[in-house]
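Asker: sequence first, then the predicted structure, then my questions.
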Amino acid sequence: MRRARALVLVAACTGCAQFGELVDTTKAHVKMIAGLRQFDSGNHEAAAKTLSSALGMKLSAKDRATTHKHLAFIHCTVCRERECRDEFRKALAADPALDLAPAEAGHPVWGPIFRSLRAGK
């Protein structure tokens, strides 16, 4: 009987740890979405802060890539090309299959920068 109780306790604790990780990932995703909304509304300064904060949390690889991609967009819009490239590199490191949507790829500033990094230049 003691052994059965111990096994139940171990299983419960494992479930709690997984639940905690899920909560952390969800909080990070919610923070990222808030930053994307700020970006979409044109509040790039606030978006940069919120997205950077989300990166300090437990984001999935795809969410990290999306977050870095939008930080790259922000840097590109204020002529910080080096930072833009750095963020795109981080995005591609998080998700090597990352690509830009057609409207994003056609942007005159970040489109060519992203394509050059995808091509390995």
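Answerer: Yep, it's here.
Asker: check the residue nearest the centre of the chain and give its pLDDT.
Answerer: Nearest residue to the geometric centre of the chain (C-alpha atoms, centre = their mean): residue 64, 2.2 Å. Model confidence at residue 64, given as pLDDT, is 96.
Asker: what comes into contact with the strand or helix carrying it?
Answerer: According to DSSP states H and E, residue 64 maps onto helix 61-77. Helix 61-77 is contacted from outside by 28-29, 32, 35-36, 39, 44, 47-48, 51-52, 54-55, 59, 81, 83-88, 90-92, 94-95, 98, 100, 104, 107, 109-110, 113-114, using C-beta atoms under 8 Å, 6 or more residues apart in numbering. In this view, the C-beta of every residue, glycine as well, is placed from N, C-alpha and C.
Asker: going through these, which ones are buried?
Answerer: In these, burial by neighbour count holds for 28-29, 32, 35-36, 39, 44, 47-48, 51, 54-55, 59, 84-85, 87-88, 90-92, 94-95, 98, 100, 110, 113-114, counting by 16 or more other C-beta atoms under 10 Å.
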